[in-house]
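Q: here are the coordinates; sequence isn't available:
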């Protein structure tokens, strides 16, 4: 029997825990259902998506080739790209585990908007009526940013990392026979982490609402953030200035967008204080 929704002011700590429990159950169920769909389409997901960056004719290598030439480079390493390594499974359950965890990852990505919606339902009782009306906008923007981050990680970071690491050799006597778990972990962690990093404006929105950051603070530490972003770009990309620029630009755009978001929140807060 469904429980009647209580007024947030009347809900006890246990009531909030009950709401959180159902949030987790519904979110997990959505991820499992999406994962089941991904499990069924394993051939397409592995052959065309997971192993896509391994193929020399992957579209991103063509982009990087043209970008390198545009900036005056030779395009070596991308225009004549040869990603020579074999993927192998060295444990009995290796391929089965890869199938399961890849399906779960795909399920999380596909169900992300629904999970966001559940989170919004959980925090909405503590919001003003005007803020509750922004639910659709919040979910849409957050989902778009997440999917953009996933695509950025897959089409930009993954090929850069795979191209560099697969071609790196300390000795000609060593062959690159990559374990399937190692390869998929790289693709999985890269795409998911980029998707979450692209949520930076949303995080700044809530931090600004709580008064923990403001536009002046973000502008003051802009140079420090640039250094941090350059370090991150240097870590996740090969030692190539073009690749680092490609990664740095969208991260700096997100930071500048976060400043605008923080300014909008501050302006709205001051306006509400004047009206009250």
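A: Noted; the coordinates are in hand. All figures in this text were calculated on a predicted structure; none of them were measured in a lab.

Q: What segments of the stretch 101-250 of the chain are strands?
A: For the stretch 101-250 of the chain, the strands defined by DSSP state E, counting those that start in this stretch cover 177-179.

Q: Quick check: which ranges of it have low pLDDT?
A: 124-133, 235-243 (pLDDT under 70).

Q: can you give me the helices in it?
A: Along the stretch 101-250 of the chain, counting by DSSP state H, counting those that start in this stretch, helices occupy 129-132, 135-152, 158-167, 180-197, 200-209, 215-220, 222-236, 241-275.

Q: got JSON lines for those, with mean neighbour count too?
A: Where you see a C-beta, it was placed from the backbone N, CA and C, and this is true even at glycine. Listed next are these as JSON lines, based on neighbours: other CB atoms under 10 Å:
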{"stretch": "helix 129-132", "mean neighbour count": "11"}
{"stretch": "helix 135-152", "mean neighbour count": "17"}
{"stretch": "helix 158-167", "mean neighbour count": "21"}
{"stretch": "helix 180-197", "mean neighbour count": "19"}
{"stretch": "helix 200-209", "mean neighbour count": "18"}
{"stretch": "helix 215-220", "mean neighbour count": "15"}
{"stretch": "helix 222-236", "mean neighbour count": "14"}
{"stretch": "helix 241-275", "mean neighbour count": "16"}
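
Q: list the buried ones in stretch 113-123?
A: 113, 114, 115, 116, 117, 118, 120 (16 or more other CB atoms under 10 Å).

Q: need the contact list for the fourth one.
A: Think residue 116. Shown in contact with residue 116 (CB atoms under 8 Å, 6 or more residues apart in numbering): 138, 139, 142, 143.

Q: If we only consider those, which is nearest to residue 70?
A: Comparing those against residue 70 with CB to CB places residue 143 closest, at 32.3 Å.

Q: Chain neighbours aside, what residue packs nearest to that closest one?
A: residue 113 (4.3 Å; CB to CB, 6 or more residues apart in numbering).

Q: For the one you found, give me its contacts.
A: 139, 142, 143.

Q: before we move on, the earlier item: for the helices of the stretch 101-250 of the chain, which one sits closest to residue 109?
A: Using CB to CB, the helices of the stretch 101-250 of the chain put helix 135-152 closest to residue 109, at 6.0 Å.

Q: Tell me which residues are up against the closest one.
A: So helix 135-152 is contacted by 109, 112-113, 116-117, 120, 124, 191-192, 194-199, 201-202, 250 (CB under 8 Å, 6+ apart).

Q: Residue 158 contacts residue 53, doesn't it?
A: Yes - counting by CB atoms under 8 Å, residue 158 touches residue 53, with 4.7 Å between them.

Q: which residues do the two both contact?
A: Contacts common to residue 158 and residue 53, judged by CB under 8 Å, 6+ apart, are residue 187.
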